[in-house]
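> here is a sequence with its predicted model. Questions after.
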Amino acid sequence: MDIRRLVGLNLKTYRKAAGFSQERLALECGLHRTYVSGVERGVRNPTVLVLAQLAEPLGIPASKLLEEPVDGE
């Protein structure tokens, strides 16, 4: 799977699990909502610093956004 798509799917999964809308996550990490949307759709190529910004309010390490899903998740 393309790494941008993987990051997007993981971000969306963790965001929804935390009960955040894209807008709320964007506000929490100081990014624009359309940027968060672009990351989730796999059309943005976030830096490691942006991955850390996105992961922090979700309470996960940034590395979780790069992990391949395990069967059953």
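Structure received.
> max-length helix in the protein?
helix 3-17 (DSSP state H).
> now do the buried residues in it.
4, 6, 7, 8, 9, 10, 11, 12, 14, 15 (16 or more other CB atoms under 10 Å). For glycine as for every other residue, the C-beta is placed from the backbone atoms N, C-alpha and C.
> tabulate those (JSON lines), appending pLDDT and distance to residue 61.
Listed next are those as JSON lines, based on pLDDT from 0 to 100; distance: CB to CB, whole Å:
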{"residue": "4", "pLDDT": "96", "distance to residue 61": "19"}
{"residue": "6", "pLDDT": "96", "distance to residue 61": "16"}
{"residue": "7", "pLDDT": "97", "distance to residue 61": "14"}
{"residue": "8", "pLDDT": "97", "distance to residue 61": "18"}
{"residue": "9", "pLDDT": "96", "distance to residue 61": "17"}
{"residue": "10", "pLDDT": "97", "distance to residue 61": "12"}
{"residue": "11", "pLDDT": "97", "distance to residue 61": "13"}
{"residue": "12", "pLDDT": "97", "distance to residue 61": "17"}
{"residue": "14", "pLDDT": "97", "distance to residue 61": "11"}
{"residue": "15", "pLDDT": "97", "distance to residue 61": "15"}
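> ok, of these, which one's closest to residue 38?
Checking these against residue 38 by CB to CB gives residue 8 as the nearest, at 8.5 Å.
> thought the closest one was touching residue 41?
Yes: counting by CB atoms under 8 Å, residue 41 is a contact partner of residue 8 at 5.8 Å.
> average pLDDT for the helix or strand where residue 36 lies?
Assessed by DSSP states H and E, residue 36 sits inside helix 33-41. Per-residue pLDDT over helix 33-41 has a mean of 98.
> from the chain's centre, how far out does it sit?
8 Å (CA atoms, centre = their mean, to the nearest Å).
> any idea how far the residue positioned nearest the centre of the chain lies from residue 47?
Taking CA atoms, centre = their mean, the centroid of the chain lies closest to residue 11, which sits 2.7 Å from it. As for residue 11, its distance to residue 47 is 14 Å (criterion: CB to CB, to the nearest Å).
> having no further points to raise, I will conclude here.
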